[in-house]
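Participant: below are the sequence and a predicted model for it; my questions follow.
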Amino acid sequence: MSSGDFCPRCGDPVPERAEPLPGMPRERDEVLCDECYFEDFDLVDAPDEIQVRVCSQCGAVHRGNRWVDVGARDYTDIAIEEVSESLGVHLKAEDVRWGIEAEQVDENSIRIHCTFSGVVRGTYVEEDVTVPVRISRETCQRCGRIAGGYYSSTVQVRANDRTPTKEEQARATEIAETYIAAREEKGDRDAFISEINQTPEGPDIKISTNQMGRGVSKRIVRELGGSFEEYPTLVTEDGDGNEVYRVTYAVRLPKFTPGEVIDPDDDDGGPVLVRSVRGNLKGVRLDTGEEYEARFEEGETPDARTLGTADDAEETTVVTVEDEHSVQVLDPETYESKTIARPSYFDPDGATVPVLKSRAGLHILPPDAVETDEE
Ligand SMILES: [Zn+2]
Ligand SMILES: [Zn+2]
């Protein structure tokens, strides 16, 4: 079997080996005899120890150079994963099989036992390695920021010439929470609300980034009407000398809200029940039932005074339908019969109708006015 080749370590003759193809790397130990080759052969290359950094607040795991949410309850799976990725199997091994098992030693240490087998130089080899994994509990950047009250933008929800209603305040807060929760859900670790302050004028919502403050403001205005403006303030310079701004998004909800009954100043068409304030104010005339729409330049805030809201309406008795334009009802306060305007939505077969008594007199409201349906 020998043809003049000898093991360079022990001098024993070795069988002739095929020359590697030109350009192929030659393994350093390839010329050794089997005995010398296996003497310091490692089937598996494993690290002495692995450290896994986890956030003790939210459970995120530090990977590469960032924190990632893994949704793990215990870290055994994470330990197995990290160890598996760190193991190297000898390139010459064929028919490799392996098993891996975790042993929880205590809260912060896990031992990963791995068993490998393979065939090298026609010989079956087996190797066991144990990699200790240390769990190091820290606070991730996001949890640190939340704990420290960090924010980059404030959305101030206010209204034009009035205080936002309880419903508007609650809805604006809900819009912010839903938007941020959806971003978080998508894995955006920069998305959070650090504080909501209920001021007498309306809520101040402190949000992690400027971009999300703008997103929240847009959505509030899209749903509740009004507009918003941005006011940046320089707070500091970061380590690289970049200017860091905080932005206040001042949301102004419209002066009038759906369900309100207003009397536009510059026409004599009578009171209007407000239906929508998105874009420009739209509603219905209570004298006739005709549509009302504020002029483009008036937008959602035409000059008008408020007479009441649909919630103030009372159900009263229809005494008699006089003609196409008038009907007699009972005044809900004095119980006197009164002749008032008959709007097109008035149902002549009904025994009662909802009416609003205001400075402008008695007016019949549409039957669906009381539940304001904005969508
Ligand atoms: Zn040898
Ligand atoms: Zn965390």
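Facilitator: Received, thanks. Ligands and ions are numbered 1, 2, ... in the order given.

Participant: Tyr345: what's it in contact with?
Facilitator: For Tyr345, the contacting residues are 284, 289, 366-367, by CB atoms under 8 Å, 6 or more residues apart in numbering. Just so you know, the C-beta spots here come from the backbone N, C-alpha and C atoms, and that holds for glycine as well.

Participant: quick one: which of the residues you listed sit in strands?
Facilitator: Per DSSP state E, strands hold the following members of the contacts of Tyr345: Val284.

Participant: now the end-to-end length of stretch 349-360.
Facilitator: Looking at stretch 349-360, the gap from its leading to its trailing residue is 26 Å under the measure CA to CA, to the nearest Å.

Participant: on that earlier part again, in CSV: the contacts of Tyr345, plus neighbour count and distance to ligand 2.
Facilitator: Compiled in CSV, those are given as follows (neighbours: other CB atoms under 10 Å; distance: CB to the ion, whole Å):
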residue, neighbour count, distance to ligand 2
Val284, 20, 53
Gly289, 15, 58
Pro366, 19, 53
Pro367, 12, 53
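
Participant: quick one: end-to-end length of stretch 76-94, please.
Facilitator: Across stretch 76-94, the terminal residues are separated by 29 Å (CA to CA).

Participant: residues of that stretch that come out buried?
Facilitator: Residues of stretch 76-94 classed as buried by neighbour count (16 or more other CB atoms under 10 Å): 76, 78-83, 87, 90, 93.

Participant: quick one: those as CSV, columns for secondary structure and pLDDT too.
Facilitator: Converted to CSV, these look like this (DSSP: H, G, I helix; E, B strand; the rest coil; pLDDT from 0 to 100):
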residue, secondary structure, pLDDT
Thr76, helix, 90
Ile78, helix, 89
Ala79, helix, 92
Ile80, helix, 92
Glu81, helix, 90
Glu82, helix, 90
Val83, helix, 93
Leu87, coil, 92
His90, coil, 90
Ala93, coil, 91
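
Participant: for these, which one is nearest ligand 1?
Facilitator: Nearest to ligand 1 among these is His90, at 18.5 Å by CB to the ion.

Participant: who are the neighbours in contact with the closest residue in space to that closest one that isn't next to it in sequence?
Facilitator: By the measure of CB to CB, 6 or more residues apart in numbering, the closest residue to His90 outside its immediate chain neighbours is Leu43, 5.3 Å from it. Leu43 sits next to 89-90, 93, 116-118, 120, 125-127 when contact means CB under 8 Å, 6+ apart.

Participant: please consider this matter closed, and thank you.
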